[in-house]
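**Q** coords please:
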Amino acid sequence: MDNKAKGFPLGHVFGFILSLVLTFAAAGVALKTSLPFHTIMWIIGTLAVIQAGLQLFMFMHVNEGEDRKSQLINIFYGIFMAIIIVLGTIWVMSFGDHIH
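**A** Numbering: from 1, shown residues only. Next comes the predicted model:
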């Protein structure tokens with residue numbers, strides 16, 4: 001066992017607390033502000049991307065291991081596939097009824 005596996009997981013607790021702060025910040029922006037709808041959506045989206053990155057590094061240990069290049073390739077492939085699925089779904093649901 002290496003030294004990181006021993007003791008209290010302070011990094012995990014810090015990541016968890018920071019994730020909670022980002023979640024409550026998004027909820028606060030959504031519920032307690034009178035900003036325009038698009039601004040609220042951009043703020044929530046930005047906080048979600050930050051939280052996803054935080055969880056990748058704090059809980060999924062992306063920065064650890066020998067083969068970091070393949071980990072980054074897999075992450076970018078997952079992001080690419082998620083974008084394709086979301087945009088494809090929006091496209092089909094928005095313009096798919098013109099054929100019938």
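**Q** list phi and psi for the spatially most central residue of the chain.
**A** The residue lying closest to the centre of the chain (CA atoms, centre = their mean) is A52, at 2.3 Å. Main-chain torsions, A52, degrees, to the nearest 10: phi -60, psi -40.
**Q** mind jotting down where the helices sit in this structure?
**A** In the chain, the helices defined using DSSP state H lie at 10-32, 37-58, 68-95.
**Q** gap between the last one and the chain center?
**A** This points to helix 68-95. 13 Å (CA atoms, centre = their mean, to the nearest Å).
**Q** using a markdown table, lay out the helices of the chain together with mean pLDDT.
**A** As requested, the helices of the chain are exported to a markdown table (pLDDT from 0 to 100):
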| stretch | mean pLDDT |
| --- | --- |
| helix 10-32 | 93 |
| helix 37-58 | 91 |
| helix 68-95 | 89 |
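**Q** how about the nearest residue to L22, chain neighbours excluded?
**A** Q51 (4.5 Å; CB to CB, 6 or more residues apart in numbering). Where C-beta positions appear, they are placed from N, C-alpha and C, glycine not excepted.
**Q** gap between that neighbour and I40?
**A** Using CB to CB, to the nearest Å, Q51 is found at 16 Å from I40.
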